[in-house]
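Trainee: Take a look and give me a structure for this.
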Amino acid sequence: MRIKMMLVTVLAAGLTAGAAAAQDQPARMSLGSVQLSRSVLANDQPLAAGSYEIRLTGRQADPVVGETPHTEQWIEFLRNGNVVGREVAVVITAADLARMVNRPLPIRDGARVDLLRGGKYLRVWVAKDGTNYVVYLRTGQGH
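Mentor: Numbers count the residues shown, from 1 in each chain. As a prediction, the model looks like this:
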């Protein structure tokens, strides 16, 4: 009987810890839609030019040594409701962005896609509810 009680206590504690960990993870959330002007690579997988819905996965990227946790999260690119690519986005709060940029913020709410100098990267910038998500996607230009 004592062993059963201990097992029930351990299982209950494990379920409580699992529920708490699940609450720490944000739910999948749509960040909006973007139009990619050219084919790119997302996590080394090809994405064709075209329209995509971008969705936050709720999964944080593992920080590298010296990096602050929670500054990168995985996002998904969806086409016709299907996930066709994933990539890591840098997460920047509006307050942090205001401290880093000494000019008007690029966008408040919405999305912006820019081909960066040299054509090697396409920057996808999405702002939603005071948080900015920035992704750099490699093009086929000049590896």
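
Trainee: Sketch out the helices for the chain, chain order is fine.
Mentor: The residue ranges that make up the helices of the chain, judged by DSSP state H, are 2-24, 94-100.

Trainee: which stretch in those helices is the model least sure about?
Mentor: Per-stretch mean pLDDT for the helices of the chain is lowest at helix 2-24 (a mean of 37).

Trainee: Pretty sure residue 89 sits against residue 77.
Mentor: No. Under the criterion of Cβ atoms under 8 Å, residue 89 makes no contact with residue 77, lying 11.0 Å away. All C-beta atoms are positioned from the backbone trio N, CA, C, and that covers glycine.

Trainee: which non-adjacent residue is nearest residue 47?
Mentor: residue 85 (4.7 Å; Cβ to Cβ, 6 or more residues apart in numbering).

Trainee: and the one you found, what are its bridge partners?
Mentor: Residue 85 forms beta bridges with residue 77, as assigned by DSSP bridges.

Trainee: Make residue 1 into 229 and carry on from there
Mentor: I'll keep to 229 as the first residue from here, and by that count the last item is residue 313.
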